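Q: my questions are about this predicted structure, shown below with the sequence.
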Amino acid sequence: MDIPDLVKQELGDEEIQAGVTLGDEDAVCFTPTRTLVYRGDGLLSDEKVEAYPYDFERLTISTGRRKTKFTLVYTDEKRDFGVPGNRADAVLERLIEGALRVSDAIGAEERVTGVFRFSELTLVITEERLLKHLGSVTWDSDFETYPFDAVTGLEFEKGSVATAIVLAVNDRPERIKAPSDQAPAVRKTLQEALFAFHEVSSLADLNAKVAGDDGDEADGDGSELDLETGIDPLVSDDGEETETAESADAGRQPDTPSTDSGDGQGDIAALEQQVAELTAAVERQNERIAAQDETIQALIEELRQGR
């Protein structure tokens, strides 16, 4: 794309990182800090360049039959510009990428690979993360981020009208529903980004690489209480070590009664009881958390449907 002289004058010390032609001589150019919208000479207007910095607080989009209008809300003003409908997706990707970069939400060299809008849900896929925004506006500061290095699983559940994307992050599933007509593009873009990040070539390989293996590691990492070795020897109140049940049995006469054995056994039984009670409490808490999560997801789904 040839850069018009008027755009070169507006650039100053900046460089154009990407550009989208709008037909005729019109174009949108993207610098590290601004979007530059160039309009060539026409019957109704003269040649001009307008700059839209990336530090906007809110972005809304309205789609018409032929044109798409971007409205950027700043702290002190609201500004907008329009592009042909078939150029809107490319402009949106670069516009959100710039906003994320200047706010340090993504890395300096991190690229946006896809932006998808479903009613009041916007998904942004980059080379290193998935970002999700809920609300009537397309984008503002209220978004969630799911880094690819924290992903522990990915599944797709195909339905009649929508496909559920189940992205596990730190073993916690996040369910995102995409309309059936857009789901294949979302799946392709998300898989390609995750495959490249984790250096795998298939969904099976991805899940095998990122899946947690906590069960195998728990046996030897010392994270669980070992009742056979963890309480021996016992220490009495006066600081002297008392005999365990086995050493006491080995050192006394067979017909000599011993009260110490009943006490090493009583402590073990008490510890076992404490462990059992703690385990039961953790299991009950996990059940409550799971139930609350299901309720929250149901509420979110109902809000999306306007109930």
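A: Ah, there it is.
Q: and this structure, what are its domains?
A: When the chain is parsed into structural domains using automatic domain parsing, the resulting residue ranges are 1-104, 115-212, 221-304.
Q: now those domains in TSV, with mean neighbour count and mean pLDDT?
A: Using the backbone N, CA and C atoms, a C-beta is placed for each residue, glycine as well. TSV is the format used below for those (neighbours: other C-beta atoms under 10 Å; pLDDT from 0 to 100):
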stretch	mean neighbour count	mean pLDDT
domain 1-104	15	91
domain 115-212	16	94
domain 221-304	11	59
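Q: distance of residue 75 from residue 55?
A: Distance, residue 75 to residue 55, using C-beta to C-beta, to the nearest Å: 9 Å.
Q: what of residue 24?
A: Residue 24 is 30 Å from residue 55, by C-beta to C-beta.
Q: then residue 156?
A: Counting by C-beta to C-beta, the gap between residue 156 and residue 55 amounts to 36 Å.
Q: likewise residue 296?
A: 32 Å.
Q: ditto for residue 138
A: Between residue 138 and residue 55 the distance is 16 Å, computed by C-beta to C-beta.
Q: and residue 36, by the same measure?
A: Residue 36 is 15 Å from residue 55, where distance means C-beta to C-beta.
Q: before we move on, what about residue 194?
A: Applying C-beta to C-beta to residue 194 and residue 55 gives a distance of 30 Å.
Q: likewise for residue 132?
A: Spatial separation of residue 132 from residue 55 under the definition C-beta to C-beta is 22 Å.
Q: repeat that for residue 195.
A: From residue 195 to residue 55 the distance is 33 Å (C-beta to C-beta).
Q: so which strand or helix has the residue nearest the centre of the chain?
A: When the chain is reduced to its mean C-alpha position, the closest residue under C-alpha atoms, centre = their mean turns out to be residue 146, at 1.1 Å. Taking DSSP states H and E as the criterion, residue 146 maps to strand 143-147.
Q: I'd assumed residue 126 was in contact with residue 192.
A: No. Between residue 192 and residue 126 there is no contact, the gap being 11.8 Å when judged by C-beta atoms under 8 Å.
Q: okay, and the common contacts of these two?
A: Shared contacts of residue 192 and residue 126, defined by C-beta atoms under 8 Å, 6 or more residues apart in numbering, comprise residue 113.
Q: the nearest residue to residue 95 once chain neighbours are set aside: what secondary structure?
A: Once its chain neighbours are removed from consideration, residue 95 has its nearest residue in residue 35; the separation is 5.9 Å (C-beta to C-beta, 6 or more residues apart in numbering). Of the three states, residue 35 takes strand under DSSP: H, G, I helix; E, B strand; the rest coil.
Q: quickly list what residue 35 is bridged to.
A: Counting by DSSP bridges, residue 35 forms beta bridges with residue 30, residue 52.
Q: for it, give its distance to residue 178.
A: Using C-beta to C-beta, one obtains 27 Å as the distance from residue 35 to residue 178.
Q: likewise residue 15?
A: Note on residue 15: its distance to residue 178, by C-beta to C-beta, is 35 Å.
Q: tell me the phi and psi of the nearest residue to residue 116 once chain neighbours are set aside?
A: Among residues not flanking residue 116 along the chain, residue 123 sits closest, at 4.6 Å (C-beta to C-beta, 6+ apart). Dihedral angles phi and psi of residue 123 (degrees, to the nearest 10) take the values phi -110, psi 130.
Q: now the angle from the helix or strand hosting residue 190 to strand 143-147?
A: Residue 190 belongs to helix 183-198 when assigned by DSSP H and E. An angle of 50 degrees separates the directions of helix 183-198 and strand 143-147 when computed by axes from the mean of the first three to the mean of the last three C-alpha atoms, to 10 degrees.
Q: what lies in contact with helix 183-198?
A: 113-114, 116, 123, 125-128, 130, 148-149, 151, 154, 156, 158, 162-163, 165, 178, 201-203, 206, 209-210.
Q: sounds good, over and out.
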